[in-house]
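Student: Just the structure for this:
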Amino acid sequence: MEKIPSFTVNHLDLLRGVYVSRIDAIGEQVLTTYDVRMKQPNKEPVMQTAEMHTIEHLAATFLRNHKTYADDVIYFGPMGCRTGFYVILKGKRSSEEIIPLLKEMFDFISTYEGDVPGASARDCGNYLDMNLPMARYEAQKFLEETLKDIEEKNLIYPS
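Tutor: Down below sits the predicted model:
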């Protein structure tokens with residue numbers, strides 16, 4: 001059985017950052033999957049589901065309403081390991097090219113006040129599993145410690 005490419009990334013050397021995980025052609029359309037790694041795997045405590053769920057709702061809302069990227073957003077969702085998220089966008093862009101979008105998104109999340117969009121029994125299958133204060137904290141931490149002055153080592157998967 002062939003290994004899944006993402007399982008070949010050396011997670012022992014993987015840093016917090018933004019990485020191109022894969023590029024897929026579907027007909028004439030190109031989709032790029034980005035690994036938005038908020039926690040250093042196997043070295044930092046992972047995020048809890050409540051803050052991840054809240055980040056997911058806020059990020060999806062932000063991205064799907066973005067003035068420039070809304071039509072290019074395919075997906076935003078959590079990694080099962082709880083160290084980050086996947087973003088899938090139409091088109092082929094480098095990790096570095098989407099940093100301004102991610103800075104804007106994490107700033108939005110870190111300062112968000114009010115009801116979390118879609119956090120109701122009618123709109124969500126687990127609406128009680130939300131933690132806005134921790135989502136804001138994690139977004140601010142990633143923005144300040146990783147995205148603000150991101151380096152090449154945080155944009156390209158380790159060999």
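Student: Tell me the pLDDT of the closest residue to Glu145 other than its chain neighbours.
Tutor: Leaving aside its sequence neighbours, Glu145 sits nearest to Arg16 (Cβ to Cβ, 6 or more residues apart in numbering; 7.2 Å). All C-beta spots, glycine's among them, are computed from the backbone N, C-alpha and C. pLDDT, Arg16: 98.
Student: Near Arg16, how many other residues are there?
Tutor: By other Cβ atoms under 10 Å, 21 other residues sit near Arg16.
Student: Roughly how far does it sit from Ala59?
Tutor: Noted for Arg16: a distance of 16 Å to Ala59, by Cβ to Cβ, to the nearest Å.
Student: okay, which residue is most central for the chain?
Tutor: Phe85 (3.5 Å; Cα atoms, centre = their mean).
Student: May I ask you to confirm that that residue is in contact with Pro78?
Tutor: Yes - judged on Cβ atoms under 8 Å, Phe85 makes contact with Pro78 at a distance of 5.6 Å.
Student: Show me what counts as buried in stretch 35-45.
Tutor: For stretch 35-45, burial by neighbour count (16 or more other Cβ atoms under 10 Å) applies to Asp35, Val36, Arg37, Met38, Lys39, Gln40, Pro41.
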